[in-house]
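Chemist: Sharing a model prediction with you, sequence too.
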Amino acid sequence: MAEHTHVLFVEDDDVIREATQLALERDGFVVTAMPDGLSGLEAFRADRPDIALLDVMVPGLDGVSLCRRIRDESAVPVIMLSARADSIDVVLGLEAGADDYVTKPFDGAVLVARIRAVLRRFGHASGPRAAGGTDGASSVPGGVLSFGAGDGELEIDTEGMEVRRGGAPVALTPTEMRLLLEFSSSPGTVLSRDRLLERVWDYGWGGDTRVVDVHVQRLRAKIGQDRIETVRGFGYKLKA
């Protein structure tokens, strides 16, 4: 998977940037490394990488703002790098459209595993396997699923990977689409955060549930706040 995969890496610390670039290149990735947000945005527009790794605190244009600019132009996967696991910057990065985050200092093998997990998800997101297949995701019925009625009707085309709300198209990131497909596979059923981390984020290990919470929040804003119900102490469910 890594061969010829182009990674944009934006990090202002010279030692971390150079060491991480070398580690990723040893794993077969093609890396463009930039020291600040503005040069990172220019590189993104010029090279159109397969994935972006953005440090939160970079000069010129901070990582959160850079993520937002990238998300305005592309659905390319984004992983944020944060120095503190409990930092508000983690949530801000996810709210800006990042798909995942890694806390610094990080182990090179962990970073590569996260990159590969995100790439697997995005590789499935544009085709039928996003709705099922052998990658562990739940099976979603083919065709168009409808929830609700009238102007607020939610339609999910599981084959064309399109969503409409009240007849108008809804733009979802691949991660948001996978999350919605997981909910629509079991409408009315409560899905725990751990299950969603495993099915949507491809985590075979424990992950930060804030990733789930922020993406549910973003999904609600797009498909309707009342579509996904919070079941305190258990998780979330899509209203049937």
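Modeler: Alright, I've got the coordinates.
Chemist: burial of the residue lying closest to residue 215 once chain neighbours are set aside, as a residue count?
Modeler: Leaving aside its sequence neighbours, residue 215 sits nearest to residue 179 (C-beta to C-beta, 6 or more residues apart in numbering; 5.6 Å). Every residue, glycine included, has its C-beta placed from N, CA and C. For residue 179, the count of nearby residues is 24 (other C-beta atoms under 10 Å).
Chemist: what packs against the helix or strand harbouring residue 81?
Modeler: Secondary structure from DSSP states H and E places residue 81 in strand 78-82. Strand 78-82 is packed against strand 51-55, helix 63-73, helix 88-95, strand 100-103, helix 108-125, with contacts defined by 3 or more C-beta pairs under 8 Å, 6 or more residues apart in numbering; DSSP states H and E.
Chemist: Just confirm residue 90 contacts residue 79, I think it does.
Modeler: No: contact criterion C-beta atoms under 8 Å: residue 90 and residue 79 do not qualify, at 11.5 Å.
Chemist: tell me, what's touching the two both at once?
Modeler: residue 101 (C-beta atoms under 8 Å, 6 or more residues apart in numbering).
Chemist: Just checking the distance from stretch 9-24 to the centre of its chain.
Modeler: Stretch 9-24 sits 22 Å away from the centroid of its parent chain (C-alpha atoms, centre = their mean, to the nearest Å).
Chemist: Parallel or antiparallel, list what pairs with the strand holding residue 81.
Modeler: strand 51-55 (parallel), strand 100-103 (parallel) (DSSP bridges).
Chemist: Could you check the angle the longest one makes with helix 63-73?
Modeler: To tie it back to what came earlier, the one meant is strand 51-55. Taking axes from the mean of the first three to the mean of the last three C-alpha atoms, to 10 degrees, one finds strand 51-55 and helix 63-73 inclined to each other by 160 degrees.
Chemist: Now find how far off-centre stretch 88-100 is within its chain.
Modeler: 10 Å.
Chemist: Tell me which of the strands paired with strand 78-82 is the most buried.
Modeler: Among those, strand 51-55 has the highest mean neighbour count (mean count of other C-beta atoms under 10 Å), at a mean of 26.
Chemist: Just the CA coordinates for that one, please, in CSV.
Modeler: Listed next in CSV are the C-alpha coordinates belonging to strand 51-55 (Å, rounded to 0.1, in the frame of the first residue of the first chain):
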residue,chain,number,x,y,z
ILE,A,51,-2.8,11.9,2.6
ALA,A,52,-1.8,14.9,4.8
LEU,A,53,-0.1,14.8,8.2
LEU,A,54,-0.5,18.2,9.8
ASP,A,55,1.1,19.3,13.1
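Chemist: Could you pull out the strands in this protein for me?
Modeler: 6-10, 30-34, 51-55, 78-82, 100-103, 144-147, 154-157, 162-165, 168-170, 228-231, 235-238 (DSSP state E).
Chemist: Now render those as a markdown table, adding mean pLDDT.
Modeler: What follows is the strands of the chain, written out as a markdown table (pLDDT from 0 to 100):
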| stretch | mean pLDDT |
| --- | --- |
| strand 6-10 | 97 |
| strand 30-34 | 97 |
| strand 51-55 | 96 |
| strand 78-82 | 92 |
| strand 100-103 | 88 |
| strand 144-147 | 86 |
| strand 154-157 | 91 |
| strand 162-165 | 92 |
| strand 168-170 | 93 |
| strand 228-231 | 95 |
| strand 235-238 | 95 |
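Chemist: Quick one, which of those strands gets closest to residue 113.
Modeler: Minimum separation from residue 113 across those (C-beta to C-beta) falls at strand 100-103, 9.8 Å.
Chemist: How about residues contacting the closest one?
Modeler: Contacts of strand 100-103 (C-beta under 8 Å, 6+ apart): 77, 79-85, 90, 93-94, 110-111, 114, 117-118, 201, 208, 211.
Chemist: If anything else comes up later, I'll come back, but that's it for now.
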